[in-house]
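Chemist: What follows is a protein structure lacking sequence information:
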Ligand SMILES: NC(=O)C1=CN([C@@H]2O[C@H](COP(=O)(O)OP(=O)(O)OC[C@H]3O[C@@H](n4cnc5c(N)ncnc54)[C@H](O)[C@@H]3O)[C@@H](O)[C@H]2O)C=CC1
Ligand SMILES: O=C(O)[C@@H]1CCC=N1
């Protein structure tokens, strides 16, 4: 294992061992993104879950990563990794971290993906000072289009900051934010892909209901969402301005937007993002209670 430099230079990522403690959808999204972008080799990545050996075998054969199945292999993997990603559900976090804290040491960088769990709670759970990057990624990391918010504990060195940022930049864009803002990031971009999928489900259902084939409704919806996101990015124009260009006075788009307003669309989005952020805080508070018990 490599000792991470405390200087302000980015370590050679290819020399580092990473392990994902928790091997669900978010861990897989990051692993796939990292490998597809050639950031490291599969042999340098370890993954483990609670007890689903079939899932570990599937991940090992799909990506060539090391899947730890026995308790001994899991412990060795955690002990020998330079970067340990915490990727279990919030409800499992306290117990899972307490179980392995004696295997971990301050030479490692802890990268938490866990919604709501604060750096302070994680420090309590670890029981010793360790460098921590608390992150809020999203599943679009799978295809290199993730959006990740990151905050750091005070003990994180400049080189570790660069490292965490580089790992997530490899799978999309990153925003370094003050820790309390990570809840907002959760409400916006962590949960955000689900909002867009929900919108797409509704559009496809509407198109089908009004007579299009399911396939045509689906293809037209996908291209519309893809085109709209690319337009915002490629033109640099505000979404409001781009919307204005679609909306002819007294035309069909205006009629549709009026319907959205009747159902208080903007208010619904604000309420949804706010509620997601609140829920993340609730889950964090639950972990904090379990950390102290
Ligand atoms: N799915 C998403 O879009 C996002 C998820 N997150 C966060 O990522 C974390 C993981 O979420 P998902 O991947 O969706 O969950 P998931 O349920 O798909 O995966 C959780 C994994 O943790 C493992 N696990 C649970 N307890 C364990 C233990 N004691 N020892 C070892 N492994 C254990 C499970 O076996 C499973 O492999 C959560 O904390 C979530 O808040 C963050 C951003 C986005
Ligand atoms: O739903 C959740 O709790 C996680 C956090 C953000 C996206 N998925």
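Modeler: Done, it's in. Since this is a predicted model, take the numbers as computed values, not measurements. Numbers count the residues shown, from 1 in each chain. Ligands and ions are numbered 1, 2, ... in the order given.
Chemist: got the buried residues for stretch 51-65?
Modeler: Within stretch 51-65, the residues scored as buried using 16 or more other C-beta atoms under 10 Å are 55, 56, 59, 60, 63, 65. (Each C-beta comes from the backbone N, C-alpha and C, glycine too.)
Chemist: Residue 189: how many residues sit nearby?
Modeler: When counting by other C-beta atoms under 10 Å, one arrives at 22 neighbours for residue 189.
Chemist: Look at the closest residue to it other than its chain neighbours and say how many residues are nearby.
Modeler: Of all residues not flanking residue 189 in the chain, residue 147 sits nearest, at 4.1 Å (C-beta to C-beta, 6 or more residues apart in numbering). Residues contacting residue 147 under the criterion other C-beta under 10 Å number 21.
Chemist: check whether the helix or strand encompassing residue 147 contacts ligand 1.
Modeler: Residue 147 is located in strand 146-152, with elements delineated by DSSP states H and E. No. Using C-beta under 6 Å from any ligand atom, we find that strand 146-152 stays clear of ligand 1, coming within 8.5 Å at best.
Chemist: who's in contact with the closest residue to ligand 2 within the chain?
Modeler: Taking C-beta to the nearest ligand atom as the measure, the point where the chain comes nearest ligand 2 is residue 190, at 3.5 Å. Going by C-beta atoms under 8 Å, 6 or more residues apart in numbering, residue 190 touches 115, 136, 137, 138, 149, 276, 280.
Chemist: Quick check, the third one in contact with residue 168.
Modeler: Yes. Counting by C-beta atoms under 8 Å, residue 168 is a contact partner of residue 137 at 6.4 Å.
Chemist: any common contacting residues for these two?
Modeler: Counting by C-beta under 8 Å, 6+ apart, the common neighbours of residue 137 and residue 168 are 146, 148.
Chemist: how's this structure carved up into domains?
Modeler: The chain breaks down into these domains under automatic domain parsing: 13-182, 192-274.
Chemist: For residue 191, see how far away residue 291 is.
Modeler: Remark: distance between residue 291 and residue 191 (C-beta to C-beta, to the nearest Å) = 24 Å.
Chemist: Return the per-residue confidence for residue 293.
Modeler: Listed pLDDT for residue 293 reads 81.
Chemist: Make 25 the starting number, not 1.
Modeler: With the count now opening at 25, the last piece we talked about shows up as residue 317.
Chemist: which residue ranges form the helices in the stretch 75-224 of the chain?
Modeler: 77-87, 95-104, 114-124, 143-150, 182-193, 205-209, 216-233 (DSSP state H, counting those that start in this stretch).
Chemist: could I get those helices as a markdown table with distance to ligand 1?
Modeler: Formatted as a markdown table, these follow (distance: least, C-beta to the nearest ligand atom, whole Å):
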| stretch | distance to ligand 1 |
| --- | --- |
| helix 77-87 | 7 |
| helix 95-104 | 8 |
| helix 114-124 | 3 |
| helix 143-150 | 12 |
| helix 182-193 | 11 |
| helix 205-209 | 9 |
| helix 216-233 | 7 |
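Chemist: JSON lines for these, including mean pLDDT and distance to ligand 2?
Modeler: Conversion of the helices of the stretch 75-224 of the chain to JSON lines gives the following (pLDDT from 0 to 100; distance: least, C-beta to the nearest ligand atom, whole Å):
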{"stretch": "helix 77-87", "mean pLDDT": "97", "distance to ligand 2": "19"}
{"stretch": "helix 95-104", "mean pLDDT": "97", "distance to ligand 2": "23"}
{"stretch": "helix 114-124", "mean pLDDT": "97", "distance to ligand 2": "7"}
{"stretch": "helix 143-150", "mean pLDDT": "97", "distance to ligand 2": "16"}
{"stretch": "helix 182-193", "mean pLDDT": "96", "distance to ligand 2": "15"}
{"stretch": "helix 205-209", "mean pLDDT": "98", "distance to ligand 2": "9"}
{"stretch": "helix 216-233", "mean pLDDT": "98", "distance to ligand 2": "7"}
